[in-house]
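here is the input, now give the coordinates:
(2 chains)
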Amino acid sequence: MTLAHRIIPCLDVDASRVVKGIEFQDLRDMGDPEALASRYNREGADELILLDITASRDGRATFLETVCGVARRLNIPFTAGGGIRSLEDGRAVLRAGADKVTVNTAAIERPELISKLAAQFGSQAVVLSMDAKRKGARWEIFIRGGSQATGRDAVAWAQEGVARGAGEILLTSIDRDGTCSGFDCELTATIAAGVSVPLIASGGAKKFEDFLDVFGKGGADAALAASIFHSKEQSISALKNYLARQGVPVRLSR
Amino acid sequence: MKIAIIDYGAGNLPSVERAFFHLGVETERVTTPEQIPSAKAIVLPGVGHFAAFVTGLRERNLTAALHAAIDSRVPVLGICLGLQAMFASSEEAPAELGLDLIHQQVKALPKNVKSPHIGWNQVRRLRPGILLERIAEDAYFYFAHSYAAAACEPHTAAVCDHGFPFTAVIEHDNLMAVQFHPEKSGEAGTAILRNFVEWAQ
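From the prediction side, this is the model:
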């Protein structure tokens, strides 16, 4: 019996379309969220994450419709977030069919949001999403889609988030995001060693070996990628078969 | 056959309902005790806090009707917190009384492992059973919990290991339960629900 390492495709949605930006600029249309969700559910994804990157608050209703539509296509766990600012925002996403909700910027501004969500829905439903950028020997947390520095140390923030009830951490390396140069295993290993909850690594995935590294050296429990899966550059089932051959416990579809 | 799904006010019912819908099985949300006596099979779904579950049942006056149905041998399937609610109590809310169908306390996962236990894990069968029938020995199921019940005779049919060997599957008389989420466990999870439905019919 072994807990499997998870492969998690991520859908960034803007106005009900999946998009991929290069360093938050130049959004490219990558398809229909429900169609992609169906495909990943079939191809052996272990979970799906859906993030609302719509700039304005006017898109909330549209996003909730997308959450609802995607949930209908899945029989695997489903996490949704992006722009979650209140208990009510979290409730709406879970009611629409997500199993877990992610918080990021609002949690830095009002850390009690994490505690409130965990008290209401349980820690297993609260994922603390954090965007970190290297600063000397440490990493600093950035908010608002990676555009605003906070001065907060990534390890300290991860530990505070867990103490407040976050049940998982979704850790994105700003330095690696969109670079296709592999996960930041040093960052991942540092955060993983500092907290007692599962860690999802994000940012920089390109090759199969990147995933092997982040589960090994990086100590991650799960790894997230977006465009390499959307574009069919890498297939989830081939990736998982590769990891299994390398001795990494993964759930193989049959 | 229609499956009665207990709605205690906090569970994530749509995914459970959808899973049964895909099997061609009708479901009904139960919010009042009057709905229980006619139920042919009952599902106790659950996510969240032990206290929310048992107080949710109590506030809706569902506890006594549920006990009566279980005593009259109606098939019951507990899911995640629904499994834990079958126990006497939980360290998550020590003052709250569970359904006490199994006279033990649910424990917190130990500090030496990551908690919550979130992700896909395998189970070890202690004996042949109904829910895991025709499912591969090495199949994975999706777990998401911070508390777990130690294996107990005669209820535990399969265990999973995370900090200690805990009850992953219960099968005893008309009581069935799983600590994982079959509705989130891909094809293996669907097979669990199908096995429950076929047995309950």
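
give the burial count for residue 16, as a bare number.
With no chain named, the answer covers chain A. Number of residues near A:S16 (other C-beta atoms under 10 Å in any protein chain shown) recorded here: 16. Bear in mind the C-beta positions are built from the backbone N, C-alpha and C, glycine included.

if you could check chain B rather than the one you did, that'd help
Using other C-beta under 10 Å, the number of residues around B:V16 comes to 24.

quick check: what element follows the one helix or strand it maps to along the chain?
Assignment of secondary structure by DSSP states H and E places B:V16 within helix B:13-22. Helices and strands here follow DSSP H and E; after helix B:13-22, the next one along the chain is strand B:26-30.

mind giving me the packing neighbours of the helix or strand just after that next one?
Secondary structure here is assigned by DSSP H and E; on that basis, the next helix or strand after strand B:26-30 toward the C-terminus is strand B:41-44. With contacts taken as 3 or more C-beta pairs under 8 Å, 6 or more residues apart in numbering or on different chains; DSSP states H and E, strand B:41-44 sits against strand B:2-6, strand B:76-79, helix B:186-200.

packing partners for the second one?
The criterion is 3+ C-beta pairs under 8 Å, 6+ apart, and the helices and strands that strand B:76-79 contacts are strand B:41-44, strand B:175-178, helix B:186-200.

which residues are in contact with that strand?
B:16, B:41-46, B:69-70, B:84-86, B:170, B:174-178, B:181-183, B:193, B:196, B:200 (C-beta atoms under 8 Å, 6 or more residues apart in numbering or on different chains).

try 7 Å
For strand B:76-79, the surrounding residues in contact (C-beta atoms under 7 Å, 6 or more residues apart in numbering or on different chains) are B:16, B:42-46, B:70, B:85-86, B:174-178, B:181-182, B:196.

get me the contact residues on the stretch 101-250 of chain A for chain B.
Within the stretch 101-250 of chain A, the residues that sit near chain B (C-beta under 7 Å from any C-beta of the partner chain) are A:F121, A:G122, A:S123, A:Q124, A:A125, A:G167, A:E168, A:S196, A:V197, A:P198, A:D221.

just to revisit the earlier point, got the helices and strands packed on strand B:76-79 as CSV, with mean neighbour count and mean pLDDT columns?
Written out in CSV, the entries for the helices and strands packed on strand B:76-79 read as follows (neighbours: other C-beta atoms under 10 Å in any protein chain shown; pLDDT from 0 to 100):
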stretch, mean neighbour count, mean pLDDT
strand B:41-44, 25, 97
strand B:175-178, 26, 98
helix B:186-200, 20, 97
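
in TSV: these, plus distance to B:G119.
Written out in TSV, the entries for the helices and strands packed on strand B:76-79 read as follows (distance: least, C-beta to C-beta, whole Å):
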stretch	distance to B:G119
strand B:41-44	23
strand B:175-178	16
helix B:186-200	13
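
and the residues of the stretch 101-250 of chain A next to chain B, which are buried?
Under a neighbour-count criterion of 16 or more other C-beta atoms under 10 Å in any protein chain shown, the subset of those counted as buried comprises A:F121, A:G122, A:S123, A:Q124, A:A125, A:G167, A:E168, A:V197, A:P198, A:D221.

and the residues you listed, which of them are in strands?
Secondary structure defined by DSSP state E assigns A:E168 of those to strands.

next step: the buried ones among the residues of the stretch 101-250 of chain A next to chain B restricted to helices.
Among these, the members falling in helices (DSSP state H) are A:F121.

in the buried ones among the residues of the stretch 101-250 of chain A next to chain B, find the pair that's most separated.
A:F121 and A:D221 (20.5 Å; C-beta to C-beta).

three-state assignment of A:L117?
In three-state terms, and counting by DSSP: H, G, I helix; E, B strand; the rest coil, A:L117 is helix.

how much space separates A:R144 from chain B?
28 Å (C-beta to the nearest C-beta, to the nearest Å).

sorry, slip of the keys, the one I care about is A:L243.
According to C-beta to the nearest C-beta, A:L243 and chain B sit 13 Å apart.

for that residue, which non-adjacent residue is spatially closest?
With C-beta to C-beta, 6 or more residues apart in numbering or on different chains as the measure, A:V250 is the residue that lies nearest to A:L243, at 4.9 Å, once sequence neighbours are left out.

A:R17 too?
Spatial nearest neighbour of A:R17, chain neighbours left out: A:D29 (5.5 Å); criterion: C-beta to C-beta, 6+ apart.

quick check: the one you found touching A:V19?
Yes. The criterion here is C-beta atoms under 7 Å, and A:D29 meets it with A:V19 at 6.0 Å.

so between the two, which is more surrounded?
Taking other C-beta under 10 Å, A:D29 and A:V19 do not tie; A:V19 has more neighbours (20 against 10).

list the residues that contact the residue nearest the centre of chain A.
Closest to where the C-alpha atoms of chain A average out (C-alpha atoms, centre = their mean) is A:L170, at 4.9 Å. Contacts for A:L170 were tallied using C-beta under 7 Å, 6+ apart; they are A:T102, A:V127, A:S129, A:I200, A:S202.
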